[in-house]
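K.L.:
Please work out how this folds:
(chains A, B, C and D)
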Protein chains: 2
Amino acid sequence: MSGFKRVEPIRIPVPQLNQHHRHVLIRKLDRLIPLAEIDASALANLSVGMRQVGPRTDLLHEGDTPDEVILMLDGFAARCKFQPTGKRQILAHLLPGDLCEPDAGYLSRLDFSVCTLSACMVAFISRRALASTLERYPATAHALRLVKLQEEAISREWLVNVGCRSALERMAHLLCELLVRLQAVGFATRDGYGLPITQQDLGDTLGLSNVHVNRTLKVMRDQNLVEWRGRQLKILDLSRLQVIAAFKLGYLHSTAGHDILAQ
Amino acid sequence: MSGFKRVEPIRIPVPQLNQHHRHVLIRKLDRLIPLAEIDASALANLSVGMRQVGPRTDLLHEGDTPDEVILMLDGFAARCKFQPTGKRQILAHLLPGDLCEPDAGYLSRLDFSVCTLSACMVAFISRRALASTLERYPATAHALRLVKLQEEAISREWLVNVGCRSALERMAHLLCELLVRLQAVGFATRDGYGLPITQQDLGDTLGLSNVHVNRTLKVMRDQNLVEWRGRQLKILDLSRLQVIAAFKLGYLHSTAGHDILAQ
DNA sequence: CGGAGCGTTGAGCGAAGTCAAGATGTGTGG
DNA sequence: CCACACATCTTGACTTCGCTCAACGCTCCG
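P.N.:
Have a look, this model is predicted:
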């Protein structure tokens, strides 16, 4: 609940994104709306520096007005808000391929923090460079607008999650969502993915206590729905998980997952 | 819970917005970021038709791809999502001066509905006309981007509400938020406003049952925090309400309320 | 005058929270 | 490679907040 470290990210400068990593974002956009080669290489040419960041580290602080956009390359991070009581609410998960605060107005201050949940590989892109790329490549700009729409749809779904659904339903819904999102960037197999976060993190995401998260996971385990060991989540019965969650793929506006998830 | 009417809005065409009503949006934007006369009159000249709509009526349906933007002139409406179980989650309140789905991509379908909570006066603005106005008047476009940021901040706060706060805290927070938002468009006095919605609506907003909303209101009444009779909400002890809610004005990025609410 | 919708209140229940203790796992330094 | 410390997970016992069901009152409106 409380006691999250507020440490400055350890920035280990790395000269340039390599092929593999730069493709995380491109792959994601291309999957959403096919990207011309010219747009893909414009994105690839954005001069950025990679950095390795430890878990439970603040990437952006509430009150900041960041002048860099963060691109997630590996690992899990989250937008979060802390309450005076010490409680934390996670507002969104930032997965590989996600851009963090591309449209945080230059004027406005952040009313939330961004912190890593696991160890992460991130890239810091100059806000100015990104803006000018988007001006010159409208198709890319359009793709990012779609990403934004998708993010908004996800946060709507999260509100429904905590507002209307039981613990089991919430958990099932989140696990389905993560499967689809991670598949879209090639970070998930057909039936599982790396989930390098704590049960506490899950609780702060779903509005549940860590203890109840644990019990809910036990139910899922006992019902042969999922298996989660050594940071690897394996989904044993996706269709039943989907039914429990009332998970509709449509809201993600994604072409990922269509092959394995029933509409 | 269930049983919401899905009726087509009764559209009573009215030739043109009159001075009073067209000022709702302009007043709101001007309060956020001072608007030049040329921008104000561009907005005022958007040709629109007013319509009176009854309570519990769908303005937009899940799955629609609307080609008109709705401007709220009077009354309360809401974005909502319905669950297979019949439960409803309200995602946002639409108050006078609010534009409804100005950036629903032409491509995407709505994954939620928009329905009136009270009787409303609304205007339907052609999406094309609005877009062209925004192209020609960048200051207005900028103001709408700020509105968008504000809406996002509100929905983040709502997630915190249902995820972290007790019933009393949630309710207090919502009542504070509505006070500030309604003041920004001149629909609230210093200590109260018209709140023409049902306790069920409040419950669907806050993730509470209607019965528990009622009990929570009783507590507030007994503690001389608020009084709510005949659709008029009167706030008796704003500062205590604010403390209970841990309500911070900052997140609204608004200049309204600064005179009466402590930062 | 009757009905419908909304508000109010009580009683009982159940889901999730809290507290606490022990088990398991992981990373670090010697 | 081991030992130790610390974080995380797991489970039990108990509490509590909010839900459900149900009855009744009020108010508005036809």
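K.L.:
Please name the nearest non-neighbouring residue to A:Thr240.
P.N.:
Small correction: residue A:240 is Arg, not Thr. A:Leu225 (6.3 Å; CB to CB, 6 or more residues apart in numbering or on different chains). Where you see a C-beta, it was placed from the backbone N, CA and C, and this is true even at glycine.
K.L.:
Could you check which helix or strand contains the residue of the stretch 101-250 of chain A found nearest DNA strand C?
P.N.:
Going by CB to the nearest atom of the strand, DNA strand C is nearest to A:His212 of the stretch 101-250 of chain A, at 2.9 Å. A:His212 belongs to helix A:210-222 when elements are defined using DSSP states H and E.
K.L.:
What mean pLDDT does the longest helix along chain A get?
P.N.:
Across chain A, the longest stretch assigned as helix under DSSP state H is helix A:138-164. Across helix A:138-164, the average pLDDT comes to 96.
K.L.:
what comes up buried for it?
P.N.:
Across helix A:138-164, burial judged by 16 or more other CB atoms under 10 Å in any protein chain shown covers A:139-140, A:142-147, A:149-150, A:152-153, A:155-164.
K.L.:
What of stretch A:181-196?
P.N.:
Neighbour counts over stretch A:181-196 (16+ other CB under 10 Å) mark A:181-185, A:187-188, A:192-196 as buried.
K.L.:
export the residues you listed to a markdown table and tack on pLDDT?
P.N.:
Shown next, in a markdown table, are the buried residues of stretch A:181-196 (pLDDT from 0 to 100):
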| residue | pLDDT |
| --- | --- |
| A:Arg181 | 96 |
| A:Leu182 | 97 |
| A:Gln183 | 95 |
| A:Ala184 | 93 |
| A:Val185 | 94 |
| A:Phe187 | 96 |
| A:Ala188 | 97 |
| A:Gly192 | 97 |
| A:Tyr193 | 98 |
| A:Gly194 | 97 |
| A:Leu195 | 98 |
| A:Pro196 | 97 |
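K.L.:
Which members of those are positioned in helices?
P.N.:
A:181-183.
K.L.:
What score does the closest residue in space to A:Gly54 that isn't next to it in sequence have for pLDDT?
P.N.:
Spatial nearest neighbour of A:Gly54, chain neighbours left out: A:Ala119 (5.6 Å); criterion: CB to CB, 6+ apart. pLDDT recorded at A:Ala119 is 96.
K.L.:
cool, the one 10 residues further on as well?
P.N.:
pLDDT, the model's per-residue confidence, is 93 for A:Ala129.
K.L.:
Just list what the strand or helix carrying it packs against, helices and strands only.
P.N.:
When elements are assigned from DSSP H and E, A:Ala129 belongs to helix A:127-136. Here helix A:127-136 touches helix A:37-45, strand A:68-74, helix A:138-164, going by 3 or more CB pairs under 8 Å, 6 or more residues apart in numbering or on different chains; DSSP states H and E.
K.L.:
what comes into contact with it?
P.N.:
With contact meaning CB atoms under 8 Å, 6 or more residues apart in numbering or on different chains, helix A:127-136 is reached by A:42-43, A:46-47, A:66-69, A:102, A:106, A:140-141, A:144.
K.L.:
ok, of the residues you listed, which one's closest to B:Arg31?
P.N.:
The closest of the contacts of helix A:127-136 to B:Arg31 turns out to be A:Tyr106 (CB to CB; 20.5 Å).
K.L.:
Sheet-wise, list the partners of the next helix or strand after the helix holding A:His212 with their directions.
P.N.:
Later in the chain than helix A:210-222, the nearest helix or strand by DSSP H and E is strand A:226-229. Paired neighbours of strand A:226-229 in the sheet (DSSP bridges): strand A:232-235 (antiparallel).
K.L.:
got the buried residues for the helix or strand following the partner strand?
P.N.:
Going down the chain from strand A:232-235, the next helix or strand is helix A:238-245, by DSSP H and E. The neighbour-count check on helix A:238-245 (16+ other CB under 10 Å) flags A:238, A:241-242, A:244-245 as buried.
K.L.:
May I see the residues you listed organised as a markdown table, with distance to B:Asp111 added?
P.N.:
Output for the buried residues of helix A:238-245, formatted as a markdown table (distance: CB to CB, whole Å):
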| residue | distance to B:Asp111 |
| --- | --- |
| A:Leu238 | 22 |
| A:Leu241 | 20 |
| A:Gln242 | 17 |
| A:Ile244 | 20 |
| A:Ala245 | 15 |
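K.L.:
before we move on, the earlier item: could you list the buried residues of the helix holding A:His212?
P.N.:
Buried residues in helix A:210-222, counting neighbours by 16+ other CB under 10 Å, are found at A:213, A:216-217, A:220.
K.L.:
And these, which is closest to DNA strand D?
P.N.:
In terms of CB to the nearest atom of the strand, no member of the buried residues of helix A:210-222 lies closer to DNA strand D than A:Leu217, at 5.6 Å.
K.L.:
Around DNA strand D, pick out the residues from the stretch 151-263 of chain A.
P.N.:
Applying CB under 7 Å from any atom of the strand, we find that the stretch 151-263 of chain A lies next to DNA strand D at A:198-200, A:210-211, A:214-215, A:217-218.
K.L.:
Between those residues, which sits nearest A:Asp74?
P.N.:
When these are ranked by distance to A:Asp74 (CB to CB), A:Thr198 comes first, at 17.7 Å.
K.L.:
so who does the closest one touch?
P.N.:
Taking CB under 8 Å, 6+ apart, we find A:Thr198 in contact with A:117, A:210.
K.L.:
cool, and A:Arg190?
P.N.:
A:Arg190 makes contacts with A:Ile260, as judged by CB under 8 Å, 6+ apart.
K.L.:
Next to chain B, which bits of the stretch 101-250 of chain A? Give me the list.
P.N.:
A:105, A:107-109, A:111-112, A:145-146, A:149, A:152-153, A:155-156, A:158-160, A:162-165, A:204, A:206-207, A:246, A:250 (CB under 8 Å from any CB of the partner chain).
K.L.:
Switch the helices and strands packed on helix A:127-136 over to CSV; also include distance to A:Cys80.
P.N.:
Shown next, in CSV, are these (distance: least, CB to CB, whole Å):
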stretch, distance to A:Cys80
helix A:37-45, 28
strand A:68-74, 14
helix A:138-164, 13
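K.L.:
Figure out which of those is closest to A:His23.
P.N.:
Using CB to CB as the measure, helix A:37-45 is the one of the helices and strands packed on helix A:127-136 that comes nearest A:His23, at 8.0 Å.
K.L.:
thinking again about what came up before, any chance of JSON lines for the buried residues of helix A:238-245, columns pLDDT?
P.N.:
As requested, the buried residues of helix A:238-245 are exported to JSON lines (pLDDT from 0 to 100):
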{"residue": "A:Leu238", "pLDDT": "98"}
{"residue": "A:Leu241", "pLDDT": "98"}
{"residue": "A:Gln242", "pLDDT": "97"}
{"residue": "A:Ile244", "pLDDT": "98"}
{"residue": "A:Ala245", "pLDDT": "98"}
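K.L.:
Spatially central residue in chain A, please.
P.N.:
Geometric centre of chain A, nearest residue: A:Leu94, 2.5 Å, by CA atoms, centre = their mean.
K.L.:
A:Arg221 versus the nearest residue to that residue once chain neighbours are set aside, what's the distance?
P.N.:
What sits nearest to A:Leu94 in space, not counting adjacent residues and going by CB to CB, 6+ apart, is A:Ala77, at 4.1 Å. From A:Ala77 across to A:Arg221, the span is 27 Å (CB to CB, to the nearest Å).
K.L.:
Check A:Phe82 too.
P.N.:
For A:Phe82, the distance to A:Arg221 - CB to CB - is 31 Å.
K.L.:
low pLDDT regions in the stretch 151-263 of chain A?
P.N.:
By pLDDT under 70, the low-scoring segments of the stretch 151-263 of chain A are A:254-259, A:262-263.
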